[in-house]
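[1] Build me a model:
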Amino acid sequence: MSENPASLLETFDNQFPQRDYVIEIICPEFTSVCPKTGQPDFGTLTFTYTPDQKCVELKSLKMYLQSFRNQGIFYENITNSILNDLVAALEPRRMKLVASFTPRGGISTNVTVVHEK
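    This is a model prediction of the structure:
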């Protein structure tokens with residue numbers, strides 16, 4: 001994993017900064033590793049945001065998310081860390097991230113974090 005995965009995130013100028021509109025990005029193949037068992041964790045990340053001056057470039061988002069593939073990290077930490085990195089890169093008006101992880105041992109987990117400017 002890169003020393004600073006957030007450095008992988010690229011942006012481009014929002015062509016309609018005067019307008020509130022919503023971008024939804026669904027990433028159904030997110031993977032990381034359980035820090036307790038070392039077993040893989042699988043989830044779907046759904047980003048919903050209203051951009052201000054910048055939008056995220058999708059290939060860079062994919063590469064950023066792949067940097068978590070072998071990292072042992074709890075669901076709550078992943079979700080908050082990803083939101084923090086995206087807010088720092090984009091400075092959106094608002095952003096919500098819902099991380100829905102597949103069941104493990106009969107328990108499924110959803111973690112939702114929200115940023116409001």
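[2] Following the longest helix belonging to the chain in sequence, what is the next regular element?
    Ranked by residue count and defined by DSSP state H, the top helix of the chain is helix 75-90. Note on helix 75-90: by DSSP states H and E, the next helix or strand toward the C-terminus is strand 94-104.
[3] Buried ones in whichever helix or strand comes after that next one, by neighbour count?
    As assigned by DSSP H and E, the chain's next helix or strand after strand 94-104 is strand 107-116. For strand 107-116, burial by neighbour count (16 or more other Cβ atoms under 10 Å) applies to 109, 111, 113, 115. Where C-beta positions appear, they are placed from N, C-alpha and C, glycine not excepted.
[4] Can you tell me which of these is nearest residue 12?
    residue 115 (19.8 Å; Cβ to Cβ).
[5] wait, that closest one sits on residue 85?
    No - Residue 115 lies out of contact with residue 85 (Cβ atoms under 8 Å); the separation is 11.3 Å.
[6] a markdown table for the buried residues of strand 107-116, including distance to residue 75?
    Output for the buried residues of strand 107-116, formatted as a markdown table (distance: Cβ to Cβ, whole Å):
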| residue | distance to residue 75 |
| --- | --- |
| 109 | 5 |
| 111 | 5 |
| 113 | 11 |
| 115 | 18 |
